[in-house]
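> need a structure here:
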Amino acid sequence: MEPFLNIFFSVDRDRTETITTAELKDYVARNDLDKNMITQWNRLFDPENTGVITFAKFCDVLGIAPDSARKKWIPLFATPPEEDNNLEIYAEDIDPNVKNDIIHKVKELSTRIDNRDQLVSELKAYLDDKYGSSWHVVMTDNSFWLQISCTPEYSIHFRLDDCSFLIWMTSDQITNK
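Okay, here's the model as predicted:
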């Protein structure tokens, strides 16, 4: 059941415990998956063709209790970043809500993706989709030195467990001098 839960919570980016057919299509496209998955999931989890798969119906079909399924995922988002002992923020110039969203997304992706290249790619795609394009994501497990130019209030550098993340946005506009 865990692969199904991984997918559900990856598709449900806004944490509403519902996924639409459009969100499912987007997930399939972003992850280069077989498009038949959309039809199969709709047939299984949305037999009334409402265009929405609810977490309750999803769990009912799989025969798992929603509360027990939630317990695996909700802790990822329960601890505010400032109270997380595994997190050390090196520098930030970022809206607190955007900061929390980024850190939560890193935690979520880290629990289900072992391939670091894929993790960074998914994180960048998520940030570009949600906040606009021109995000840069660097993940390193060693020392780093950095000097960047970035859009004001859109940069954060932190260490979570054994990896450091350097994330910032640049303007879409390039000026020539």
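> And the strands in this structure?
Taking DSSP state E to define them, one finds strands in the chain at 18-20, 52-54, 87-94, 135-140, 154-160, 163-169.
> and S164, how many neighbours does it have?
19 (other CB atoms under 10 Å). The C-beta positions use only the backbone N, C-alpha and C, and glycine is treated the same way.
> ok, now which ones touch it?
Counting by CB atoms under 8 Å, 6 or more residues apart in numbering, S164 makes contact with Y90, M139, T140, D141, F144, H157, F158.
> Please indicate which of those residues are buried?
Burial by neighbour count, 16 or more other CB atoms under 10 Å: within these this picks out M139, H157, F158.
> Which residue ranges make up the domains of the protein?
The chain resolves into domains spanning 2-73, 81-169 when parsed by automatic domain parsing.
> Once you drop chain neighbours, what's closest to the residue positioned nearest the centre of the chain?
Within the chain, the residue whose C-alpha comes closest to the C-alpha centroid is K105; the distance, by CA atoms, centre = their mean, is 3.7 Å. The spatially closest residue to K105, leaving aside those adjacent along the chain, is Y126, at 5.7 Å (CB to CB, 6 or more residues apart in numbering).
> Distance check, that neighbour against I102.
Taking CB to CB, to the nearest Å as the criterion, Y126 is separated from I102 by 9 Å.
> the more surrounded of these two?
Neighbour count, other CB under 10 Å: between Y126 and I102, I102 has more, with 24 against 21.
> so who does that one touch?
The contact partners of I102, by CB under 8 Å, 6+ apart, come to I94, L127, I156, I167.
> which regions of the protein lie under the pLDDT threshold?
Scanning the chain with the threshold set as pLDDT under 70 gives 1, 72-84, 143-147, 172-177.
> Count the neighbours of the residue nearest to W135 when sequence neighbours are not counted for me.
Closest residue in space to W135, ignoring its immediate chain neighbours: L127 at 4.1 Å, by CB to CB, 6+ apart. Other residues within reach of L127, judged by other CB under 10 Å, total 23.
> Centre of the chain to stretch 48-65, how far?
If you compare the mean C-alpha spot of stretch 48-65 with that of the full chain, they lie 22 Å apart, counting by CA atoms, centre = their mean, to the nearest Å.
> actually stretch 156-165, not the one I typed
Distance of stretch 156-165 from the chain centroid (CA atoms, centre = their mean) equals 16 Å.
> Buried ones in it, by neighbour count?
Burial within stretch 156-165, assessed by neighbour count using 16+ other CB under 10 Å, is assigned to I156, H157, F158, L160, S164, F165.
> just curious, which of the residues you listed is nearest to D34?
Taking CB to CB as the measure, F165 is the one of those closest to D34, at 31.1 Å.
> returning to that earlier point: take the strands of the chain and write them to TSV, including distance to T111.
Rendered in TSV, the data for the strands of the chain read as follows (distance: least, CB to CB, whole Å):
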stretch	distance to T111
strand 18-20	18
strand 52-54	21
strand 87-94	15
strand 135-140	15
strand 154-160	11
strand 163-169	13
